[in-house]
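Chemist: Following is a predicted model, sequence given first.
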Amino acid sequence: METTSGAQPAIPQVESLSGTRLSECYQCGKCTAGCPVAGRMDIPPTRLIRLMQLGDSDSALRANSIWQCVSCQTAPRAAPRAWIVPA
């Protein structure tokens, strides 16, 4: 997957808001497995994070998934390290 032109500015913003680094996610899938609304998402949480890691924040931010998130904090509790919930 290619990096999109507008992707890089979003990474520091997401990392600042979440208090963690995108590179710390190693794609274990626990955030998606525990997500109560993952079945309604067009892109599950694990893939959203991977899109950001690859520099494709444009695709991540266009996803309807970010509007499905109920902010239940399941993803940060499920992840081996503190993580973000798509908002």
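Modeler: Thanks, I have the structure now.
Chemist: Asp58 versus Tyr26, what's the distance?
Modeler: Tyr26 sits at a distance of 23 Å from Asp58 (criterion: Cβ to Cβ, to the nearest Å). C-beta coordinates here come from the backbone N, C-alpha and C atoms, glycine included.
Chemist: of the two, who's got more company?
Modeler: When neighbours are counted by other Cβ atoms under 10 Å, Asp58 comes out ahead of the other of Tyr26 and Asp58, with 14 against 11.
Chemist: and that one, what element?
Modeler: Secondary-structure element containing Asp58, defined by DSSP states H and E: helix 57-62.
Chemist: What residues sit buried inside that helix?
Modeler: Of the residues in helix 57-62, those buried under the neighbour-count criterion (16 or more other Cβ atoms under 10 Å) are 57, 59-61.
Chemist: mind checking the SS state of Cys28?
Modeler: Here Cys28 takes the coil state, with states given by DSSP: H, G, I helix; E, B strand; the rest coil.
Chemist: I figured it was touching Arg50, is that so?
Modeler: No. With contact defined as Cβ atoms under 8 Å, Cys28 and Arg50 do not form a contacting pair (11.7 Å).
Chemist: Look at these two and report which has more neighbours.
Modeler: Comparing Cys28 with Arg50 by other Cβ under 10 Å, the one with more neighbours is Arg50, at 17 against 13.
Chemist: Show the contacting residues for the more buried one.
Modeler: Residues near Arg50 by Cβ atoms under 8 Å, 6 or more residues apart in numbering: 25, 27.
Chemist: Figure out the helix or strand that it lives in.
Modeler: With elements taken from DSSP H and E, the one containing Arg50 is helix 45-53.
Chemist: So for that helix, what gets flagged as buried?
Modeler: For helix 45-53, a neighbour-count test (16+ other Cβ under 10 Å) marks 45-53 as buried.
Chemist: same check, this time on stretch 30-39
Modeler: Buried positions in stretch 30-39, judged by neighbour count with 16+ other Cβ under 10 Å: 30-32, 35, 38.
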